[in-house]
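Visitor: Please work out how this folds:
(chains A and B)
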Amino acid sequence: MASRHTDKAFETDLADLRQLLLTMGARIESAIARSVQALSDRDSALARAVIDDDAEVNRLEVEIDERCRKILALRQPAASDLRLITTALKIVTDLERCGDLAVNIAERARDLNEAPPMPPNPALPRLAELAQVQIRKALDAFVAADVDLAGVVLKDEEMLDALFLQLFNDLLTLMMEDPKYIRRATAVMFIAKHLERVGDHATNVAEMVVYMVKGTDIRHPWSRKLPGSQSSSSSSSSSAPPGTTTIIPGSS
Amino acid sequence: MSAAINLESAPRPKMQARGLSIYYANKLAVKDLSLDITEKQVLALIGPSGCGKSTFLRALNRMNDLIPAARHTGEVLLDSANIYDRGVDVVELRRRVGMVFQKSNPFPKSIFENVAYGLRIAGMNDRAELAVRVERSLEQSALWDEVKDRLGDSALALSGGQQQRLCIARALAIEPEVVLMDEPASALDPLSTAKIEDLIHELKARYTIVIVTHNMQQAARVSDQTAFFFMGEMVEVGPTAKMFTTPTNRRTEDYVTGKFG
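Guide: This is a model prediction of the structure:
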């Protein structure tokens, strides 16, 4: 983005929009971190705070939407500007959903904190960490219009999926070994699933960044073949759409 | 006429520029331009002032002939025949390739006589026939309902938007095949502009249209193809939707996003 708009006020509008999305992203990262911490530290007050703080994420969503609409109405953006605004409008929905998922995790944590502790599984904090990193990288890729970084996010989704699968199998084993864990392990499984979903949203953001920068839609196998689309070397993730990770992996 | 094969579905070029360069004295205004203008489509020419788009537009019906210092190399084809060939009747060429200008320029005559003017020049004198053609042209330019009861009034009494549609009616009366429009709505209010744009959508069923405009949203709204000119060169041409969402060339990108200057 070497060249700048002749109308500097437009530059400011776009910079503000990017900043708001970063702010929203930072809040979501924090919400995810704290929701998982509320579980590991058995801190229900922290869980409560995560749930309460989601109101600010929702407010940011509405503000970003509003600013995008204003730019569309007043500036009639074209080309890369148009792709930036339409991308922002889409990814804000993904981000807001991540905020909701953090709330869901916090709610589960609150329930689990009422029950006796579970044997800790190191895969859970790692999954949470990875989900945060994916969101952060996807947003950094958006702000810097960095298609390579978006490619890293798309690639690393596999790690997240693998970690989720491992956690899933561990919890399944735990339940089979001792049925008294079934209720709690199921709740943790939900948390793991929520974190895996955060990763899927990060993937969505990364795919939109590729579109924003290159004008190439890589979201689906068929959309990659649209006129003007070149096959993306960065996307090595499976051809299945995000969110279709098999719920019952390898029925062992 | 040559036995043209009727390829109704296949779009064919109505006009073509082939290696066209245009000079004003020693200044190169249009540089080695090759471009197809598809029949019954709207082509928009965009670009900053002085980029050569109006010069190119005027080359399409030899309006540049009127500028003594202007000369050209290369060809402009209309239905595959070079319009600059020796022996081409320029009056007949301009009948087939009509023009509408930025400022409406009605003659100080009645509304009726403005539209009938070209027909009379062409030798049509039958009142009934003239009346039919005038009505049809005014219908096509979406002005008929507003003026049908006062065709004898002076054209100068019309509003700016009406005057411009009158000029379009005047251009259409002689049944051109191609209509060139140079900033046809730049001096009009938004409602009149919308009427002209709506009219352009209607007209392309019958005519091939080339429009020069500084209003990029207008280009985006009315055209099928858009060509971007910069410093005498055509930088990029393509389907309008693509030019405004994912242009290929960096300079096109900068221009449509307002990053010039």
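Visitor: Pull the contacting residues for residue 25.
Guide: Since no chain was named, I'll use chain A. Counting by C-beta atoms under 8 Å, 6 or more residues apart in numbering or on different chains, A:Gly25 makes contact with A:Leu95, A:Ile135, A:Arg136, A:Leu139. Where you see a C-beta, it was placed from the backbone N, CA and C, and this is true even at glycine.
Visitor: you looked at the wrong chain, it should be chain B
Guide: Contacts of B:Ala25 were listed using C-beta under 8 Å, 6+ apart, and they are B:Ala69.
Visitor: quick one: buried residues of whatever helix or strand B:Leu28 lives in?
Guide: Using DSSP states H and E, B:Leu28 falls within strand B:27-38. The neighbour-count check on strand B:27-38 (16 or more other C-beta atoms under 10 Å in any protein chain shown) flags B:Ala29, B:Val30, B:Leu33, B:Leu35, B:Asp36, B:Ile37 as buried.
Visitor: And for stretch B:192-204?
Guide: By neighbour count on 16+ other C-beta under 10 Å, the buried set for stretch B:192-204 is B:Ser192, B:Thr193, B:Lys195, B:Ile196, B:Glu197, B:Leu199, B:Ile200, B:Leu203, B:Lys204.
Visitor: Which member of those is positioned nearest A:Arg4?
Guide: Ranked by distance to A:Arg4 (C-beta to C-beta), the buried residues of stretch B:192-204 are led by B:Thr193 at 29.7 Å.
Visitor: Give me the residue ranges of chain B where confidence is low.
Guide: For chain B, applying pLDDT under 70 flags the ranges B:1-10, B:261.
Visitor: Recalculate using a threshold of 50.
Guide: Across chain B, the ranges flagged by pLDDT under 50 are B:1-2.
Visitor: Using the three-state scheme, assign the residue nearest to A:Val188 when sequence neighbours are not counted.
Guide: Among residues not flanking A:Val188 along the chain, A:Leu171 sits closest, at 5.9 Å (C-beta to C-beta, 6 or more residues apart in numbering or on different chains). Following DSSP: H, G, I helix; E, B strand; the rest coil, A:Leu171 is assigned to helix.
Visitor: so A:Leu171 makes contact with A:Ile191?
Guide: No - the criterion here is C-beta atoms under 8 Å, and A:Leu171 misses it with A:Ile191 at 10.1 Å.
Visitor: got the contact list for residue 119?
Guide: No chain specified, so I'll use chain A. With C-beta under 8 Å, 6+ apart, A:Pro119 has these contacts: A:Leu174.
Visitor: Please refer instead to chain B.
Guide: Per C-beta under 8 Å, 6+ apart, neighbours of B:Leu119: B:Leu130, B:Arg133, B:Val134, B:Ala173, B:Ile174.
Visitor: again, but for B:Val147
Guide: Per C-beta under 8 Å, 6+ apart, neighbours of B:Val147: B:Ile111, B:Leu138, B:Asp153, B:Leu158, B:Gln162, B:Leu166.
Visitor: right, and the pair among the residues you listed with maximum separation?
Guide: B:Leu138 and B:Asp153 (13.1 Å).
Visitor: quick one, which of the two is more surrounded?
Guide: Neighbours per residue (other C-beta atoms under 10 Å in any protein chain shown) separate B:Leu138 from B:Asp153, with B:Leu138 holding more: 27 against 13.
Visitor: My guess is that one contacts B:Val115. True?
Guide: Yes - judged on C-beta under 8 Å, B:Leu138 makes contact with B:Val115 at a distance of 6.3 Å.
Visitor: Any chance you could list residues touching both of these two?
Guide: Shared contacts of B:Leu138 and B:Val115, defined by C-beta under 8 Å, 6+ apart, comprise B:Leu166, B:Ala169.
Visitor: Those residues of the stretch 1-150 of chain A touching chain B, which are they?
Guide: Residues of the stretch 1-150 of chain A lying close to chain B by C-beta under 8 Å from any C-beta of the partner chain are A:3-7, A:10, A:76-83.
Visitor: re the thing from before, and the buried residues of stretch B:192-204, which is closest to B:Tyr23?
Guide: Nearest to B:Tyr23, judged by C-beta to C-beta, of the buried residues of stretch B:192-204 is B:Ile200 at 31.1 Å.
Visitor: Can you name every helix or strand that the helix or strand containing that closest one contacts?
Guide: Using DSSP H and E, B:Ile200 maps to helix B:190-203. Using 3 or more C-beta pairs under 8 Å, 6 or more residues apart in numbering or on different chains; DSSP states H and E as the contact test, the elements touching helix B:190-203 are helix B:160-173, strand B:208-212, helix B:216-222.
Visitor: run the last query once more with 7 Å
Guide: Applying 3 or more C-beta pairs under 7 Å, 6 or more residues apart in numbering or on different chains; DSSP states H and E, one finds that helix B:190-203 contacts helix B:160-173, helix B:216-222.
Visitor: hmm, who's touching that helix?
Guide: Outside helix B:190-203, the residues within contact range by C-beta atoms under 7 Å, 6 or more residues apart in numbering or on different chains are B:42, B:140-142, B:160-161, B:164-165, B:168, B:179, B:184-185, B:188, B:209, B:218, B:221-222.
Visitor: Stretch B:156-173 now?
Guide: The contact list for stretch B:156-173 (C-beta under 7 Å, 6+ apart) reads B:98-100, B:104-106, B:108, B:111, B:114-115, B:117-119, B:133-134, B:137-138, B:140-143, B:146, B:155, B:179, B:184, B:187-189, B:192, B:195-196, B:199.
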